[in-house]
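In: what's the 3D shape of this:
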Amino acid sequence: MIKAADVLKFLRPNGGWTIYGEDFDSIIYDADVEPITKAEFDAGFAQVNAWKTEQEAAAQAKREAALAKLEALGLDEDDLKALGL
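Out: Presented below is the predicted three-dimensional model:
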């Protein structure tokens, strides 16, 4: 579940904001931070979800590529665990 703070971290990654609860009206910005709009906030939930999905897919693809390389060397995950890797 995507939380409001996740959306703010995605849209304003450099910080400068505080949120109390999960609603848009509880966001407090530092003086030098441009506030986001309610529409940006609402759309941010889908954006964060899509970004997380992409990150998970990329990590899975990387893992599968690494396992394929191990397999080509005649190794598997159990071999790596036995070596402490």
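
In: would you list every one of the strands in this protein?
Out: Applying DSSP state E to the chain gives strands spanning 17-19, 27-29.

In: Flag every buried residue along the first one.
Out: Buried residues in strand 17-19, counting neighbours by 16 or more other Cβ atoms under 10 Å, are found at 17, 19. C-beta: built from backbone N, CA, C; applies to glycine.

In: coming back round to it: export the strands of the chain to a markdown table and tack on mean pLDDT and distance to residue 64?
Out: As requested, these are arranged in a markdown table below (pLDDT from 0 to 100; distance: least, Cβ to Cβ, whole Å):
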| stretch | mean pLDDT | distance to residue 64 |
| --- | --- | --- |
| strand 17-19 | 96 | 37 |
| strand 27-29 | 97 | 39 |
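
In: can you redo those strands as CSV with distance to residue 73?
Out: Listed next are those as CSV, based on distance: least, Cβ to Cβ, whole Å:
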stretch, distance to residue 73
strand 17-19, 48
strand 27-29, 51
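
In: Tell me which of those strands lies nearest to residue 53.
Out: strand 17-19 (23.3 Å; Cβ to Cβ).
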